[in-house]
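> how would this look folded up:
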Amino acid sequence: MKSLQDSLRLFATYEHSCPYLPEKHSVNAIVDPKYPMEIILYSKMINEGYRRSGKQVYRPYCPDCNECISTRIPVKEFKRSRSQKRNWRLNRDLQITENTQGFSDEYGPLYSRYLANRHPDGEMEPEAVDDFSAFVETSWCNTHFYEFRQEGELICVAAVDQLEQGLSAVYTFYDPDISRKRSLGTYALLWEIEYAKQCQLEYVYPGYWIKDSPKMRYKTHFRPIYGRVNGKWIQLK
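Predicted coordinates:
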């Protein structure tokens, strides 16, 4: 059976420094930007290990490294750990609303505070708010912004793609000071899993996982979680 990458035209990017493993360099395979991408196709491609950044659909294509593993959480199988249950109870007071109108001006200050605290050297995250909007949105994908508020104050935003079979976590940013108590990144993913279950969807896709990257370690705290390795989905430890 032909894989999707056999039927699509792919291009390799230039080699660049890996933002997650500093001693390594990385290369991505990207789908021809002229290809008329749409959500049904992308929903299939994410099951083959692809992700998107803005309108660009890509997957890691590093010649000497295969550490980036695409992940998904089967929502029916997922069980909260003891600490995740505490997190869920702690954040029950937050109000969550859905914004389907795109990136809001209200997000700018929150994103800037998050970036300065969590990613002070920029890494892969766009520094300008306008660039960030292009980073998370594209015309062919149904992206919703879920707003988490504490007594009316915006403290967290989760950008999520609505796929045929699940939800794809594109990016989450939050107030770093409030998150020290509430662990807002964890709560946002717990909420997405619960929301997918309510919508009778199969999966939540948290993105790539790298075993030796401390910033990626949180993903395997959500169990069970599966990774695509050598063309198959296997449970990660």
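> alpha carbons only for contacts and neighbour counts from here, please
Fine.
> before we move on, which element is Ile40 in?
Using DSSP states H and E, Ile40 sits in helix 39-46.
> Give me the mean pLDDT for that helix.
Per-region confidence: helix 39-46 scores 96 on mean pLDDT.
> And that helix, what does it pack against?
Of the remaining helices and strands, none touches helix 39-46 by 3 or more Cα pairs under 8 Å, 6 or more residues apart in numbering; DSSP states H and E.
> Which positions within the very next helix or strand once past that helix qualify as buried?
On the C-terminal side of helix 39-46, the closest following helix or strand by DSSP H and E is strand 51-53. Residues of strand 51-53 classed as buried: Arg51, Arg52 (neighbour count, 16 or more other Cα atoms under 10 Å).
> which other helices and strands contact strand 51-53?
strand 56-60.
> neighbouring contacts of the strand it packs on?
With contact meaning Cα atoms under 8 Å, 6 or more residues apart in numbering, strand 56-60 is reached by 26-31, 33, 49-52, 66, 68.
> Below-threshold pLDDT in the protein: ranges please.
Applying pLDDT under 70 to the chain flags the ranges 1-6, 119-124.
> quick one: the helices in the protein?
4-7, 39-46, 82-90, 107-118, 129-136, 176-182, 184-198 (DSSP state H).
> Let me see the residues that make contact with the last one.
Just to be clear, that refers to helix 184-198. The contact list for helix 184-198 (Cα under 8 Å, 6+ apart) reads 75-76, 84, 87-88, 91, 156, 158, 166-167, 169, 172-174, 179, 202-204, 206.
> Look at Glu77 and say how many residues are nearby.
Residues near Glu77, counting by other Cα atoms under 10 Å, number 11.
> actually Leu8, sorry about that
Counted with other Cα under 10 Å, residues neighbouring Leu8 total 12.
> Now do the same contact list for it.
The neighbours of Leu8, taking Cα under 8 Å, 6+ apart as the test, are Val31, Asp32.
> what about 7 Å?
Neighbouring residues of Leu8 by Cα atoms under 7 Å, 6 or more residues apart in numbering: Val31.
> distance of it from Tyr35?
When distance is defined by Cα to Cα, to the nearest Å, Leu8 is 8 Å away from Tyr35.
> Can you tell me which of the contacts of strand 56-60 are buried?
Among the contacts of strand 56-60, those buried by neighbour count (16+ other Cα under 10 Å) are Ser26, Val27, Asn28, Ala29, Ile30, Val31, Gly49, Tyr50, Arg51, Arg52, Cys68.
> so which two of those residues are the farthest from each other?
The most widely separated members of the buried ones among the contacts of strand 56-60, counting by Cα to Cα, are Val31 and Cys68 (17.9 Å).
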